[in-house]
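A.B. asks: Please work out how this folds:
(2 chains)
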Amino acid sequence: MNTQALFSVALLAPQAACPSELFAGDAAASRFAVYRNNVFSSLTAALSDSYPVVEQLVGSAFFQAMARVFIEHSPPRSPVLVNYGQDFADFIDRFEPAASLPYLGDVARLERLRVEAYHAADCPVISAQALGAYLQQPEQLMQLRMKLRPGLAVLTSKHPVYSLWTAHQGIGDLASIHLAQAEQLLVLRDGLEVLLLPLPSASAVFIQALQRGEGFADAVVAALPLAPEFDAGPSLALLIRHSAITELEPS
Amino acid sequence: MRTFPCNRNTQARACELPAQAGLGLKPAFFEALLSSEPALGFVEIHAENYMVDGGPFHHYLGLLRERYALSIHGVGLSIGADAALDALHLQRLKTLLDRYQPESFSEHLAWSTHGPCFLNDLLPLQYDQASLDRVCDHIDQVQHTLGRRMLLENPATYLQFRGSSLEEPQFINEVIRRTGCGLLLDVCNIHVSCSNHHWSIADYLHALPLHAVGEIHLAGFSEDLDSSGEQLLIDSHSAPIAQAVWALYQQVLEMIGPVATLIERDNEVPALDVLLAEAGQAQRLLDRQGARQ
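C.D. replies: Numbers count the residues shown, from 1 in each chain, chains lettered A, B, ... in the order given. The predicted structure follows:
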């Protein structure tokens, strides 16, 4: 192996010996440790920036230990660190020491979606008037497909992730949360702000269907098994109010 | 040596940072800088933080760019790597530079990638003929792709390679001579490296091509001990600028005159006022030096 290969391999494996033969001086191992510490502490800080509620839920010491294992197994593949940790939630699902917090992976998914919505592309949106024209013509509305804004996502969880997240923003009461409660939410950026909006399960399915490119009528049909009386009106109003529709495609 | 127009797209814009004090731009300062518009010569961003599609970072940078000169400082290009530059990353840089037309672009004499991995630290090079050729090739490629001259920053290091055959300032001198790039003189890094390796600061400065300095960085370091009990200074960007660094800065200004100077703080970032006070201190030294000339 060449110099940089020897350096890198030792850097990412905390148990590996420092390749002291490369360096001048007697204290090379302790100096090499500065680089190793920089790598792990800066990447841990990057994860901590993206996953603050995960960190609050497990405590700082646990988070650092978990991040260390993650970094060792999944070092970044790009210098654009805002994208680092896209598979952190999947890692948490498999991370046995966190098994007693079954909702932790989904809280990480929620926080990842917030980061992605925050940095998603800006684009022009459809006005309420433009959509209003279709509301007057139900036949055309039924066939209408809609494009939703970049970074918008629906998260469905078997756990009360929205309640857990808001409780860590000082809103709501942690003690009153039922951990068996499923929750769904919409994540999107409206203007400069990322919003988390809780959704009924049928609305979540409806918006997911729209996002997949299904027409309005098919999206309603997809939601009906969850709510036989499903009314798409409130979901559409929510999307319009938060500037979430970027294109209308009549069939 | 090749020469590059400072910016081939917009000749109208001045192609150098003003010889004034500037500040590293942090998201926490977006609103305050916009509302109070403090007197700063320029702001500097880390390129990689702005390689996102949209949202508040671009919104605020666009507004601030109308008010301040801009330096874009890369931390992920890995110019010193023993593998080819990441063409995709270089293209992302070009997109960012085309969008914001900064007065200055700079990167580090360091490496931070290995294989597919990004190691997120500025790692030290073995200074030999092979690495010199490689660094020069990489800088040629960067300057050619971006269509502009770049500044190369001298590193802070904690280790020296047995296999090095050139001294660090000689190496830098040769890179600048061969590629025509400029020097981003990090005064704190000089203090840290010279202290860690028992180099003479006077000799180090004397060996550098100071005529090529296009920007100065000032930052704080932290102190540690290595396993033999020797003091080890760490370029942590987490502390106020030390007195020794201010003194060295003053000495450099006496040698080369006023140059754009960045107050760099990336960790444990204090309130804006604290950093503006450091920028004010740098500005006073720049003014004093300017008046002497």
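
A.B. asks: that's a helix at residue A:235, yeah?
C.D. replies: Yes: using DSSP: H, G, I helix; E, B strand; the rest coil, the secondary structure at residue A:235 is a helix.

A.B. asks: separation between the closest residue to it other than its chain neighbours and residue A:210?
C.D. replies: Spatial nearest neighbour of residue A:235, chain neighbours left out: residue A:203 (4.4 Å); criterion: CB to CB, 6 or more residues apart in numbering or on different chains. In short, each C-beta sits where N, CA and C put it, glycine included. Going from residue A:203 to residue A:210 by CB to CB, to the nearest Å gives 11 Å.

A.B. asks: residues contacting residue 68?
C.D. replies: Reading this off chain A. A:14, A:40, A:44 (CB atoms under 8 Å, 6 or more residues apart in numbering or on different chains).

A.B. asks: try chain B instead
C.D. replies: B:22, B:40-43.

A.B. asks: which two in those residues are spaced the farthest apart?
C.D. replies: Spanning the widest gap among the contacts of residue B:68 are B:41 and B:43, at 9.0 Å by CB to CB.

A.B. asks: Now for the two: what residues contact both?
C.D. replies: B:22, B:68-69.

A.B. asks: out of the residues you listed, which one sits closest to chain A?
C.D. replies: Taking CB to the nearest CB as the measure, chain A lies nearest residue B:68 of the shared contacts of residue B:41 and residue B:43, at 20.0 Å.

A.B. asks: Next one: that closest one from residue B:103, what distance?
C.D. replies: Going from residue B:68 to residue B:103 by CB to CB gives 10 Å.

A.B. asks: Next, show the common contact partners of the two.
C.D. replies: residue B:42.

A.B. asks: any chance of the shared contacts of residue B:41 and residue B:43 in CSV, with pLDDT too?
C.D. replies: Converted to CSV, these look like this (pLDDT from 0 to 100):
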residue, pLDDT
B:22, 98
B:68, 98
B:69, 98
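
A.B. asks: Only C-alpha atoms, please: export the strand or helix carrying residue A:62 in CSV.
C.D. replies: Assigned by DSSP states H and E, residue A:62 falls within helix A:60-73. Taking C-alpha atoms only, helix A:60-73 is exported to CSV below (Å, rounded to 0.1, in the frame of the first residue of the first chain):
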residue,chain,number,x,y,z
SER,A,60,-25.0,12.7,24.0
ALA,A,61,-22.7,9.9,25.1
PHE,A,62,-24.9,7.2,23.5
PHE,A,63,-25.2,9.3,20.3
GLN,A,64,-21.5,9.7,20.0
ALA,A,65,-20.8,6.0,20.5
MET,A,66,-23.5,5.1,17.9
ALA,A,67,-22.1,7.7,15.5
ARG,A,68,-18.7,6.3,15.9
VAL,A,69,-19.8,2.8,14.8
PHE,A,70,-21.8,4.3,11.9
ILE,A,71,-18.9,6.4,10.7
GLU,A,72,-16.5,3.4,10.8
HIS,A,73,-18.9,1.3,8.7
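
A.B. asks: Which positions in it come out as buried?
C.D. replies: For helix A:60-73, burial by neighbour count (16 or more other CB atoms under 10 Å in any protein chain shown) applies to A:63-64, A:66-67, A:70-71.

A.B. asks: Next secondary structure element downstream of that helix?
C.D. replies: On the C-terminal side of helix A:60-73, the closest following helix or strand by DSSP H and E is helix A:88-94.

A.B. asks: tilt between the helix or strand following that next one and helix A:60-73?
C.D. replies: Using DSSP H and E, the helix or strand that follows helix A:88-94 towards the C-terminus is helix A:104-119. Orientation check (axes from the mean of the first three to the mean of the last three CA atoms, to 10 degrees): helix A:104-119 against helix A:60-73 gives 80 degrees.

A.B. asks: Point out the other helices and strands that helix A:104-119 packs with.
C.D. replies: Helices and strands touching helix A:104-119, by 3 or more CB pairs under 8 Å, 6 or more residues apart in numbering or on different chains; DSSP states H and E, are helix A:28-50, helix A:52-58, helix A:88-94, strand A:153-157, helix A:161-167, strand A:183-190, strand A:193-199.

A.B. asks: List of residues touching the fifth one?
C.D. replies: The set of residues that contact helix A:161-167 without belonging to it, under CB under 8 Å, 6+ apart, is A:53, A:57, A:103, A:106-107, A:109-111, A:155, A:172-174, A:177, A:181, A:183, A:185, A:196, A:198.

A.B. asks: ok, 6 Å please
C.D. replies: Helix A:161-167 is contacted from outside by A:53, A:106-107, A:110, A:172, A:174, A:177, A:183, A:185, A:198, using CB atoms under 6 Å, 6 or more residues apart in numbering or on different chains.

A.B. asks: Would you mind listing which of the residues you listed are buried?
C.D. replies: Buried, going by 16+ other CB under 10 Å: A:53, A:106-107, A:110, A:177, A:183, A:185, out of the contacts of helix A:161-167.
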